[in-house]
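J.: Got a predicted structure here, sequence first:
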Amino acid sequence: MISSDKIKSSLAYKYIKNLKDNNTPYDKALISAVQNEEIKSMNYEKGFLKTVTRLIYYGLNETSLMSADEQELIKATLKNQDYFSRYNFLNSHYGLRNSQLHILVGESGKGKSTLLRSIILDTAHHENSLVILSEEDCDSFKYQINLYANCDKIKRNVAKTLKNIKVFSELDNDLDPIRHFSHYFAKIRRFIESYNIKSLFYDNISTGIFSEEFQIQSKVIKEFKKIAIDFEIPVFIISHPKKNALFSDILLRKDHISGNRCMSTIPENIYTLNACHNLYPKKTYILIDKSRHYSRANNRWFELEYTYLNEETGAFTSDKPVTYENVIENVKNNRK
């Protein structure tokens, strides 16, 4: 444990304290300290600069004991909604959560990317969002998101919203998952810093450059978690289920997520998409299978409403709560 005396006598403390006194935001102060050459020469142990910055900005408590004021601050933070959403399933835990991972798992072709585009449009209405693509090139994604935005029923400044969406495609970069691991995440961090990114979306981790490297997948998800914490932004990741996940099970659940077990243990929020495309009309259900800090949201089901916006495209325009009994009946009928 790092003592308060050691922290307050350090060069890093004086440097970061001066930044805070000059109204520098937390994330910029931390980045500035990390990049400062004189501080680099001090060779502080890993995590020291982050600890110092948290102490100066938030008043770090070295024990688990929290004052009543600290508890009220955390409680208020958990109930504060930072991002607009049209969807009840997200609003059931006050929208996308800063510093948290969100995972959406669903079979190929069942609507994951379709749902994601509407979430991106909602989130980028006021703030910059970064979208990382593994299956699409940038131009293809931009074309689709422009179609969605121009036909969307949610009233917004379309041009401003689209300008707020920054796109990075793995297809445009020749990256090796082992040799370029650090380079990959350093590039994402630079992107976030350069464009003041306030939310990050990854479509799709199951087809991305790390999808075949099982031994480093835990490192990958932990790196995304660190990004969420360091920049205090929500990170939303799309994933496929394991092969033949529904061979013996009726419903897709968080345990079916493809890849390393960390994919289901580290994220705070996990949603599963269950589609009934053999029914008429087609039905798509989303389950909040995990919501670590919001017990009221856990195990709640919602039906997504799909609307054709024009002859070329459609979107999930809204959702409504449904019962488990309703879902299981339709899923069984879908299999007949």
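T.: Done, it's in.
J.: mind listing the strands for the stretch 101-250 of the chain?
T.: In order along the chain, the stretch 101-250 of the chain carries the following strands (DSSP state E, counting those that start in this stretch): 101-105, 128-133, 165-169, 197-203, 235-239.
J.: want to try JSON lines for the ones you listed, with mean pLDDT as columns?
T.: Below are those laid out as JSON lines (pLDDT from 0 to 100):
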{"stretch": "strand 101-105", "mean pLDDT": "97"}
{"stretch": "strand 128-133", "mean pLDDT": "97"}
{"stretch": "strand 165-169", "mean pLDDT": "95"}
{"stretch": "strand 197-203", "mean pLDDT": "97"}
{"stretch": "strand 235-239", "mean pLDDT": "97"}
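J.: Adding distance to residue 273 and mean neighbour count as columns, could you present those in TSV?
T.: In this view, the C-beta of every residue, glycine as well, is placed from N, C-alpha and C. Output for the strands of the stretch 101-250 of the chain, formatted as TSV (distance: least, C-beta to C-beta, whole Å; neighbours: other C-beta atoms under 10 Å):
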stretch	distance to residue 273	mean neighbour count
strand 101-105	7	25
strand 128-133	19	22
strand 165-169	22	18
strand 197-203	13	24
strand 235-239	10	26
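J.: And those strands: which comes nearest residue 287?
T.: strand 101-105 (9.9 Å; C-beta to C-beta).
J.: and that closest one, what does it pack onto?
T.: The criterion is 3 or more C-beta pairs under 8 Å, 6 or more residues apart in numbering; DSSP states H and E, and the helices and strands that strand 101-105 contacts are helix 112-123, helix 217-231, strand 235-239, strand 269-276.
J.: Go through those and pick out the most buried.
T.: Compared across the helices and strands packed on strand 101-105, strand 235-239 shows the largest average neighbour count, a mean of 26 (mean count of other C-beta atoms under 10 Å).
J.: what ranges of the stretch 51-200 of the chain fall below the confidence cut-off?
T.: Where the stretch 51-200 of the chain drops to pLDDT under 70, the residues are 59-67, 69-70, 73.
J.: And the helices in it?
T.: Remark: helices assigned in the stretch 51-200 of the chain by DSSP state H, counting those that start in this stretch are 68-79, 88-91, 112-123, 138-151, 158-163, 181-195.
J.: Which of the ones you listed sits closest to residue 277?
T.: If you check each of the helices of the stretch 51-200 of the chain against residue 277 by C-beta to C-beta, helix 112-123 wins as the nearest, at 12.7 Å.
J.: what packs against the closest one?
T.: Contact analysis of helix 112-123 by 3+ C-beta pairs under 8 Å, 6+ apart lists strand 101-105, strand 128-133, helix 138-151, strand 197-203, strand 235-239, strand 314-322 as its packing neighbours.
J.: want to try TSV for the ones you listed, with distance to residue 176 as columns?
T.: What follows is these, written out as TSV (distance: least, C-beta to C-beta, whole Å):
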stretch	distance to residue 176
strand 101-105	25
strand 128-133	17
helix 138-151	21
strand 197-203	18
strand 235-239	21
strand 314-322	36
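J.: mind putting the strands of the stretch 101-250 of the chain in CSV, distance to residue 333 included?
T.: Supplementary listing: the strands of the stretch 101-250 of the chain in CSV, determined by distance: least, C-beta to C-beta, whole Å:
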stretch, distance to residue 333
strand 101-105, 23
strand 128-133, 35
strand 165-169, 38
strand 197-203, 30
strand 235-239, 27
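J.: residues contacting residue 254?
T.: For residue 254, the set of contacting residues under the criterion of C-beta atoms under 8 Å, 6 or more residues apart in numbering consists of 103, 105, 264, 270, 272, 289, 290.
J.: Verify the stated contact: the first one with residue 271.
T.: Yes: the pair residue 103 and residue 271 qualifies as a contact (C-beta atoms under 8 Å) at a distance of 7.1 Å.
J.: And the helix or strand where residue 49 lies, how far out from the chain middle?
T.: Residue 49 belongs to helix 48-58 when elements are defined using DSSP states H and E. In terms of C-alpha atoms, centre = their mean, to the nearest Å, the gap separating the centre of helix 48-58 from the centre of its chain is 24 Å.
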